[in-house]
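>>> Starting from these lines, generate the structure:
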Amino acid sequence: MSDHSQPPTPAPKRILLGQIASAHGIRGEVLVRTFTGEPAAIATYGPLSDKPGTRSFRLKMVRITDKGIIARVDGIADRTAAEQLRGTELYVERAKLPPPAEDEFYHADLVGLAVELEDGAAYGIVHAVVNFGAGDLVEVTRTGLTSSELIPFTKANVPTIDFAAGRITVVPPVMVGEPEPQQSQPATDDDPSGDSD
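Below is the predicted model of the structure:
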């Protein structure tokens, strides 16, 4: 009998669909902030899981509000139990989601892709896609560096996304007035005085 070790099966990719914001009322209902295009859609994907993937939650939507949806969670019947779910992030397996529309992407599909410049030079790896209120930004972990860089997720700055090849092409924005990377460099022949304004 041979003993062949099997490589571990990779965990299925999961997508964050929402977060339980607070308890609502006294019957165990919760307010859920949703990240789905249609707020009610979060209750249509079947059981959702928490971030570690250890707990499962099945939602039944009650109504939509300006702050999110009011929902019942299977097994939660009172406010005390609902309060314990505050802050819980709700995930679904990527395979359960419909294909995105043309020129739309699930953030999780971008994470881990190689990042190259237009000339093919390696630039880094997509670490995350974030949004601080002014549009999506691709967070790139730079090759050979411990720092990361945020690049606007626009057609101008990310002209090519090739899932088959596992890479994206980026055009990093030029920062007007950005200081030189190494302030301690001696003055060059172009600026013999080294004076700064």
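>>> Now do the strands in this protein.
For the chain, strands defined by DSSP state E occupy the ranges 14-24, 29-34, 48-49, 56-57, 59-65, 68-73, 89-93, 114-117, 122-131, 136-142, 148-152, 160-162, 167-170.
>>> Now the nearest residue to Asp74 once chain neighbours are set aside: phi and psi?
For Asp74, the nearest residue in space outside its immediate sequence neighbours is Arg58; the separation is 4.3 Å by Cβ to Cβ, 6 or more residues apart in numbering. C-beta coordinates here come from the backbone N, C-alpha and C atoms, glycine included. Backbone geometry at Arg58, expressed as degrees, to the nearest 10, gives phi -110, psi 120.
>>> Using the record's assignment, carve the chain into domains.
Under automatic domain parsing, the residue ranges defining each domain of the chain are 14-96, 107-170.
>>> Endpoints of the first one, how far apart?
Read it as domain 14-96. Using Cα to Cα, to the nearest Å, the span of domain 14-96 from its first residue to its last is 9 Å.
>>> CA atoms of stretch 135-154 as PDB?
Taking C-alpha atoms only, stretch 135-154 is exported to PDB below (Å, rounded to 0.1, in the frame of the first residue of the first chain):
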ATOM      1  CA  GLY A 135     -13.800  55.200  -6.700                       C
ATOM      2  CA  ASP A 136     -12.100  51.800  -6.700                       C
ATOM      3  CA  LEU A 137      -8.300  51.500  -6.300                       C
ATOM      4  CA  VAL A 138      -6.200  48.500  -7.000                       C
ATOM      5  CA  GLU A 139      -3.700  47.900  -4.200                       C
ATOM      6  CA  VAL A 140      -0.500  46.500  -5.600                       C
ATOM      7  CA  THR A 141       2.200  44.800  -3.600                       C
ATOM      8  CA  ARG A 142       5.300  45.900  -5.400                       C
ATOM      9  CA  THR A 143       7.900  43.400  -6.600                       C
ATOM     10  CA  GLY A 144      10.900  43.300  -4.300                       C
ATOM     11  CA  LEU A 145       9.400  45.900  -2.000                       C
ATOM     12  CA  THR A 146       7.500  45.600   1.300                       C
ATOM     13  CA  SER A 147       5.300  48.700   0.400                       C
ATOM     14  CA  SER A 148       2.200  48.700  -1.600                       C
ATOM     15  CA  GLU A 149       0.800  51.200  -4.100                       C
ATOM     16  CA  LEU A 150      -2.800  52.300  -4.900                       C
ATOM     17  CA  ILE A 151      -3.600  52.700  -8.600                       C
ATOM     18  CA  PRO A 152      -7.000  54.100  -9.700                       C
ATOM     19  CA  PHE A 153      -9.100  51.200 -11.200                       C
ATOM     20  CA  THR A 154      -9.800  53.100 -14.400                       C
END
